[in-house]
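**Q** fold the following and give me the result.
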Amino acid sequence: MAWVCMSIPLSTVGLVLNQLDPPLSDRAVEATFIAHFLGMFLPGLGTGKFIQKFGFRAAGLVSIALYIFATVLNIFAQPGEPVLWIIGQFFVGMAWNLGFTSATVMLSTSCPPDDRELACRTQSYSDFVSFLGGGIITISAGYMLDSNHVDNILEGWQLLNYIQFLFIGIMLAVILMHGKTEKGQQKMYTQALAEDN
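**A** This is a model prediction of the structure:
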């Protein structure tokens, strides 16, 4: 779900920023994308240690909190005012980093450490579903921004961000359902790491 939650704003923000009235400057648009990519990859320097210390469930919950914060900023972002666009996209990227990494760890600890075939099939299935979902969301987001469906591009952007809350809710449900067995899985994960070392 982290991939889908990132795909909604990222697949459309460029279109939205280019059609705002008044538009953002070219520098502000560049800063928005730079902030997003910094948010995606810079936290990766510490994400593994965070997950190791607090667990993938905690990282997933922090990701959800960041997605909620970013989505609220995105809803309130206005034409001609770059600050909320830049900060919102930074936190979308940061939320994706924590969410995608914690989901990968959660998925890898769902399989017995000695069953690599099951782990590979599970990871392949998860990747397929994630990328298919991201593709469907990207196409759907473009449809939602179409001027025939909303009065202006900003309304379409806001609608997409309201829809984002549905996917954040699904992400939360998955984490809470999976979290009931986290302690056993964390123990299994720790044992597998110890055996590899």
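**Q** can we go C-alpha only for contacts and neighbour counts from here?
**A** Noted.
**Q** by residue count, tell me the biggest helix in this protein.
**A** Using DSSP state H to define each element, the chain has its longest helix at helix 116-145.
**Q** quick one: that helix to chain centroid distance?
**A** Relative to its parent chain, helix 116-145 has a centroid offset of 13 Å by C-alpha atoms, centre = their mean, to the nearest Å.
**Q** so which bits of it are buried?
**A** 119, 122-123, 130, 133-135, 137-138, 141, 144-145 (16 or more other C-alpha atoms under 10 Å).
**Q** for that helix, packing partners?
**A** Counting contacts by 3 or more C-alpha pairs under 8 Å, 6 or more residues apart in numbering; DSSP states H and E, helix 116-145 packs against helix 2-19, helix 82-108, helix 153-179.
**Q** tell me the secondary structure of Asp21, please.
**A** coil (DSSP: H, G, I helix; E, B strand; the rest coil).
**Q** for the residue lying closest to Phe91 once chain neighbours are set aside, give me its contacts.
**A** Excluding its sequence neighbours, the residue lying closest to Phe91 (C-alpha to C-alpha, 6 or more residues apart in numbering) is Ala70, at 5.3 Å. When contacts are counted by C-alpha atoms under 8 Å, 6 or more residues apart in numbering, Ala70 touches 87-92.
**Q** ranking the helices and strands packed on helix 116-145 by burial, who's on top?
**A** Highest mean neighbour count among those (mean count of other C-alpha atoms under 10 Å): helix 82-108, with a mean of 24.
**Q** give me the angle between it and helix 116-145.
**A** Orientation note: helix 82-108 sits at an angle of 150 degrees relative to helix 116-145 (axes from the mean of the first three to the mean of the last three C-alpha atoms, to 10 degrees).
**Q** what two of the buried residues of helix 116-145 are the furthest from one another?
**A** Ala119 and Leu145 (38.4 Å; C-alpha to C-alpha).
**Q** which ones are touching Leu145?
**A** 153, 156-157.
**Q** try 6 Å
**A** Leu145 is in contact with Gly156, counting by C-alpha atoms under 6 Å, 6 or more residues apart in numbering.
**Q** what mean pLDDT does the longest helix of the chain have?
**A** Mean per-residue pLDDT for helix 116-145: 84.
**Q** please apply the same query to stretch 153-170.
**A** Rounded mean pLDDT across stretch 153-170 is 91.
**Q** is Gln78 in a helix, a strand, or coil?
**A** coil.
**Q** that one: neighbour count?
**A** 19 (other C-alpha atoms under 10 Å).
**Q** dihedrals phi and psi, it?
**A** Backbone torsions for Gln78, taken as degrees, to the nearest 10, come to phi -120, psi 160.
**Q** how close does Leu42 sit to Leu17?
**A** Counting by C-alpha to C-alpha, to the nearest Å, the gap from Leu42 to Leu17 is 24 Å.
**Q** I'm done for today, thanks for sticking with me.
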